[in-house]
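Visitor: here's my sequence, what's the structure:
(one chain, ligands or ions: 1)
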Amino acid sequence: MRQIGLAMKTKFSSDFKLAVLGGGQLGKMLLYETRKWDVYTKVLDPSSEAPCRMACNEFVRGDLNDYDTVMNFASDADVVTIEIEHVNVQALRDLKAAGKAVHPDPEMLAVIKNKARQKELYQKNQLPTASFEVFTNVAEAKKAVEDGRFYLPCVWKSAEGGYDGKGVKMIRAIADLDFETHSECLLEEKVDFAHEIGVIVATRADQKQTAVYPPVEMDFHPEANLVEYVISPANLTEDQYSEAQTIAQNVAQTMGSTGLLAVELFLGKDGHLYVNEVAPRPHNSGHLTIENNYTNQFEQHLRAILNLPLGSTEEKTAGVMVNLVGAEGENGPVEYKHIEKALEMPGVTPHIYGKAETRPWRKMGHVTIIGPDREEAMRKAVIAKDIIRVQRR
Ligand code: ADP
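Guide: The predicted structure follows:
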């Protein structure tokens, strides 16, 4: 009799289980795709209000960093993936050792979770990145600047624990390093960049197929340190476009990536591209792909981690994404004011993540604006962005 092993198990409308660590908006959008294909999912998140709660088959409330919680949660899963990096890596290692398919690989996740290890990997493999030095604490970093071993202006980064610009500080004067932290950190050369660029690479679980998305341009809000606009196509020369894709693919290959790897790059005013950092999961810079591309990033991640043929990454149109963030000074139950007006605009699609409470700058949703070309999409995006106000009810 022919044995039906794990690899042969059907993934659709079956007892096959996908476990997702993290129940935020990235997970929620991944679940649109598991629903489309009737793939059974379970989600772990500390909050009973997590956006994923409404769309998964099983929702478990628990600490993503607690070893036993993660082990118990994923014990009956066939494939384990993440939608946030802040999870217990040792549990993922042991789940892998117990025969589960874990994407991304726990060792790769361990490197990515630490910006110092990440930068060392780029340096070791001749992947272009801003020059840097690692320190055991901020006092040591300050001494390096005082001794003239590192030049200002530069960027201070906490090695672990940063997210959405927290744990990153521009250093213009030595006094900017007068703060207390006792954990590992880096100083990085400040790149004088024209744009930040995002490229998402998908790699199938067996690593026999990869697909790379067209580069997008990310414009940051100076105050909130959050992406304000993601624009596709990015404003790049043909050479820069293909170089950005090649670098991103090299990073994915060097890391042994499976599933999605979102690569953030700087396009320096000198015309050179530098890798800033990566995320081994669906990414804010890829939300546009839902309306813009043949295969959206969430479906692509699912295809990749389930070891299915990857889809076309080609763009269908030009588009812009704007994040819907909580208005300043507004805390409490959320209301999306004037959303109806935005809905009247052709080619404008709001996405609401399902977070009950708004806070200043909290990512509450996003809006995609498509258009025949970049200029027209951007023109509409500026209007749509100012219509919707995320405020307290
Ligand atoms: P996070 O992991 O919190 O997203 P990043 O390392 O991406 O942090 O840094 C946040 C932002 O700070 C970047 O998007 C960029 O705008 C700026 N930044 C980071 N590193 C540099 C650098 N070396 N030079 C210039 N700007 C930088």
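Visitor: ok, now which ones touch the residue in the stretch 1-150 of the chain that the ligand sits nearest to?
Guide: At 4.3 Å from the ligand, Ala130 is the closest residue in the stretch 1-150 of the chain, using Cβ to the nearest ligand atom. All C-beta atoms are positioned from the backbone trio N, CA, C, and that covers glycine. Residues counted as contacts of Ala130 (Cβ atoms under 8 Å, 6 or more residues apart in numbering) are 155, 188-191, 266, 274, 276.
Visitor: which of these count as buried?
Guide: For those, a neighbour count by 16 or more other Cβ atoms under 10 Å gives the buried set as 155, 188-189, 191, 266, 274, 276.
Visitor: excluding sequence neighbours, find me the nearest residue to the residue of the stretch 1-150 of the chain closest to the ligand.
Guide: Glu189 (4.5 Å; Cβ to Cβ, 6 or more residues apart in numbering).
Visitor: Pro106 versus that neighbour, what's the distance?
Guide: In this view, Glu189 and Pro106 are 31 Å apart by Cβ to Cβ, to the nearest Å.
Visitor: hmm, stretch 146-158 in reach of the ligand?
Guide: Yes - residues of stretch 146-158 contacting the ligand under Cβ under 6 Å from any ligand atom: 155, 157.
Visitor: list the buried residues of that stretch.
Guide: Using 16+ other Cβ under 10 Å as the test for burial, stretch 146-158 gives 150, 154-158.
Visitor: contacting residues around that stretch?
Guide: Against stretch 146-158 from outside (Cβ under 8 Å, 6+ apart): 115, 130, 133, 138, 141, 144-145, 167-174, 176-177, 181, 183-190.
Visitor: now Gln245, what's its secondary structure?
Guide: Here Gln245 is recorded as helix under DSSP: H, G, I helix; E, B strand; the rest coil.
Visitor: and it, how many neighbours does it have?
Guide: Counted by other Cβ atoms under 10 Å, the residues lying close to Gln245 total 18.
Visitor: wait, what's in contact with it?
Guide: Residues in contact with Gln245, defined by Cβ under 8 Å, 6+ apart, are 199, 212, 214-215.
Visitor: hmm, 6 Å instead?
Guide: Shown in contact with Gln245 (Cβ atoms under 6 Å, 6 or more residues apart in numbering): 199, 212.
Visitor: per-residue pLDDT of it, please?
Guide: Note on Gln245: pLDDT of 98.
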